[in-house]
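Undergrad: Can you look at this prediction? I've put the sequence above it.
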Amino acid sequence: MPGKPRRESFWLDHIRKAEQSGQKISTYASTHKLDVQQLYNWRRRLRAEGKLEFPGAPVPFARVVRAESFAPREQVALVVSVGHLRMHFDSLPDVGWLAQAVRALEPAP
């Protein structure tokens, strides 16, 4: 179906703009003369296909192992293992930064 990719990108673009606008979906649809039900349907469909993230989606967690053999307890606050990589922190990093780092280091599915 040749028109599907264009339609999909059209709705994906509008859904992202609607979420960034901070408006209710119905308000955004009305402002842009879009069918609100189609906007909801496309949002649900694209999320189900993994092409659109949920805003405020939970951050996946990585397995954390405390490495007592690495250093005395007072010197290591956190050890994060992602694949074969181990990151040692002597103080706790920002949670948002750590989540982004883990996502960037995880192998693609």
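TA: Perfect, thanks for sending it. Residues are numbered from 1 along each chain as shown.
Undergrad: Please make it C-alpha for all contacts and neighbour counts, starting now.
TA: Will do.
Undergrad: In the chain, where is pLDDT below threshold?
TA: In the predicted model of the chain, residues 1-5, 54-76, 107-109 satisfy pLDDT under 70.
Undergrad: So which residues of it form helices?
TA: Counting by DSSP state H, the chain forms helices over residues 4-21, 25-31, 36-48, 95-105, given from the N-terminal end onward.
Undergrad: now those helices in a markdown table, with distance to residue 88 and mean neighbour count?
TA: Formatted as a markdown table, the entries for the helices of the chain read as follows, by distance: least, Cα to Cα, whole Å; neighbours: other Cα atoms under 10 Å:
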| stretch | distance to residue 88 | mean neighbour count |
| --- | --- | --- |
| helix 4-21 | 36 | 14 |
| helix 25-31 | 43 | 16 |
| helix 36-48 | 35 | 15 |
| helix 95-105 | 12 | 13 |
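Undergrad: Would you mind splitting the chain into its domains for me?
TA: When the chain is parsed into structural domains using automatic domain parsing, the resulting residue ranges are 4-48, 58-109.
Undergrad: Thank you kindly, that will do.
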